[in-house]
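Trainee: structural data only, the sequence is not supplied:
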């Protein structure tokens, strides 16, 4: 990870107030990230761990909404695409969690996996987007599993859909904005609320951020 956004080269990190440290050379799509993170964060107690890395297709080689979604149709999606998305979206959070669980505050630690409504099985009424949907449904199961396995440590876990946001994710900021995405500040504000309110009473929840109302449990369920 570097200060410059990997999608457009802009530096948003420097504008963040406070003490921000960038750990470079972390690729969560490979097992090597575990050693890098463990070494860089040795001795650090982690209060909140947010798993944010994700991609529609696991690569930047495909650009533009028609291509991004077209290659994930039933008659087009490849095993390579499925595996690339799975390595990043599903195994990425699992790898990082394996590397850092021992350093989390216990009790009192919190884990949040940034998911998507596309990962909901109950809410899927349109099909398609195989690699993204399947990898995100799988990471929702990772989140649910973690909520069970970390309960005895007093570490709460949630999976949260950040909503449609005006970022370079997927088809890009301009396209996302044209589709009615919310400003980054609104999504982040509500994500922080979800993190703040997460507790052992709500561990195992699947939350959703909205453009025009407060965050709430995802209506389509897991």
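Mentor: Happy to help now that I have it. In this text the structure is predicted, and so the values were computed from the model without any measurement.
Trainee: which non-adjacent residue is nearest the residue nearest the centre of the chain?
Mentor: With distances taken as C-alpha atoms, centre = their mean, residue 114 lies nearest the centre of the chain, 2.9 Å away. Leaving aside its chain neighbours, residue 114 sits nearest to residue 52 (4.8 Å; criterion: C-beta to C-beta, 6 or more residues apart in numbering). Every C-beta, even on glycine, is put in place using the N, C-alpha and C of the backbone.
Trainee: next one, pLDDT for that neighbour please.
Mentor: pLDDT recorded at residue 52 is 94.
Trainee: now swap in residue 202 and tell me
Mentor: Residue 202 carries a pLDDT value of 98.
Trainee: can you check residue 77 too?
Mentor: pLDDT, residue 77: 97.
Trainee: so which strand or helix has it?
Mentor: Taking DSSP states H and E as the definition, residue 77 sits outside all helices and strands.
Trainee: just give me the neighbour total for residue 48.
Mentor: 16 (other C-beta atoms under 10 Å).
Trainee: same thing with the one 5 residues further on?
Mentor: Counted with other C-beta under 10 Å, residues neighbouring residue 53 total 17.
Trainee: who are the packing partners of the longest helix seen in the chain?
Mentor: In the chain, with assignment by DSSP state H, the single longest helix is helix 130-149. The contact analysis (3 or more C-beta pairs under 8 Å, 6 or more residues apart in numbering; DSSP states H and E) places helix 130-149 against helix 79-85, helix 91-100, strand 110-114, strand 156-161.
Trainee: could you redo the last one with a cut-off of 10 Å?
Mentor: Applying 3 or more C-beta pairs under 10 Å, 6 or more residues apart in numbering; DSSP states H and E, one finds that helix 130-149 makes contact with strand 48-51, helix 79-85, helix 91-100, strand 110-114, strand 156-161, strand 205-208.
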